[in-house]
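> A structural model of the following input is requested.
(chains A, B, C and D)
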2 protein chains.
Amino acid sequence: MVRTKVEIKRIEDKAKRHTTFTKRRQGLFKKTKELVKRCDAEAAVITFSLAGNIFAFGHPSVDNVVNRYIAAMSAPELGEVVPVHEEAEDAVIGTNEDDETLGLEVPLDDMGMTELEELDRTMTEMKKKVVDKIDGIISCSKN
Amino acid sequence: MVRTKVEIKRIEDKAKRHTTFTKRRQGLFKKTKELVKRCDAEAAVITFSLAGNIFAFGHPSVDNVVNRYIAAMSAPELGEVVPVHEEAEDAVIGTNEDDETLGLEVPLDDMGMTELEELDRTMTEMKKKVVDKIDGIISCSKN
DNA sequence: AGCGCTATCTTTAGAGA
DNA sequence: CTCTCTAAAGATAGCGC
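All right, here's what the predicted structure looks like:
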């Protein structure tokens, strides 16, 4: 957006699109860092380029935020349907933090890495189905 | 950052901090939308305010991006250690897309919502442990 | 709490190296 | 591909309402 007011629409030229993607991704990460620093919040940004490359940034870590998000999404038993809006309506999660990581003991140490990976894929698939079920309840803007 | 160049550090005043959080979160979501539109990419932003409120935005959906992220992170069997950097070095995931959602059939339909939720919590906990193991391999900037 | 304003800082498209 | 430069568009802190 400079010399001419750029339209916010898909860039057709592949090279240009990638250049813009790189620039804007860096800007997005910077903004996220500033938000985290100035507001003492937790945040994560995950991006996939069309080429399939993954870029992520998060504080305290991407995984931490993602896990917290998943926990919040998949915890309707807390008695609170969590609305997630792009425009950010107030979504109180109640006592979610306490519940996030119970001292659940699963026989994880008895498994090797191969089994872990297989289990992980199974979990990912199931998680997807669970999330799909919940998807109908919460409203989540796509654009 | 206006009249005087603002320092990017924690805002001590609670009300001010929340105001800034709201404004910058909106800006972050806008930037994400523009990135998605202009570069035809997939992206998700997840933020937690100090109060514990969750705000998320994603295209095609937050869950879609999160699941793809988890799949990429927990799929070292693809033979590629995926570096995730805040400064976004090229991280090729190989043929990841194909592997993302296999036609895995788990007995999910036989379960009720209560069981689903319990299973979900168990999965979340295990996922955390798996991710922690992988955490030592990949480098993921925290700030 | 939220919205409008706006001076001033930041981001970035486009071009060049 | 990566880097720099630059001017125009965009974001936003501090206000007032």
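> worst-scoring helix or strand of chain A, pLDDT-wise?
Within chain A, no helix or strand scores below helix A:96-100, which has a mean of 31 by mean pLDDT, DSSP states H and E.
> how near is A:Gln26 to DNA strand C?
A:Gln26 is 6 Å from DNA strand C, where distance means Cβ to the nearest atom of the strand, to the nearest Å. All C-beta atoms are positioned from the backbone trio N, CA, C, and that covers glycine.
> just the angle between the top helix by length along chain A and helix B:14-39, please?
Ranked by residue count and defined by DSSP state H, the top helix of chain A is helix A:14-39. Inter-element angle recorded for helix A:14-39 and helix B:14-39: 170 degrees (by axes from the mean of the first three to the mean of the last three Cα atoms, to 10 degrees).
> could you check helix A:14-39 against DNA strand D for contacts?
Yes - judged by Cβ under 7 Å from any atom of the strand, helix A:14-39 and DNA strand D are in contact via A:15, A:18-19, A:22, A:31, A:38.
> how many neighbours does A:Tyr69 have?
A:Tyr69: 23 surrounding residues under other Cβ atoms under 10 Å in any protein chain shown.
> what packs against whatever helix or strand it lives in?
Here A:Tyr69, judged by DSSP states H and E, is contained in helix A:62-73. In this structure, helix A:62-73 packs against strand A:42-48, strand A:54-59, helix A:96-100, helix A:113-135, strand B:42-48, strand B:54-59, helix B:62-73, helix B:113-135, with contacts taken as 3 or more Cβ pairs under 8 Å, 6 or more residues apart in numbering or on different chains; DSSP states H and E.
> looking at the ones you listed, which has the lowest confidence?
Lowest mean pLDDT within the helices and strands packed on helix A:62-73: helix A:96-100, at a mean of 31.
> surely A:Tyr69 meets B:Tyr69?
No - when contacts are counted by Cβ atoms under 8 Å, A:Tyr69 is not listed as touching B:Tyr69 (10.5 Å).
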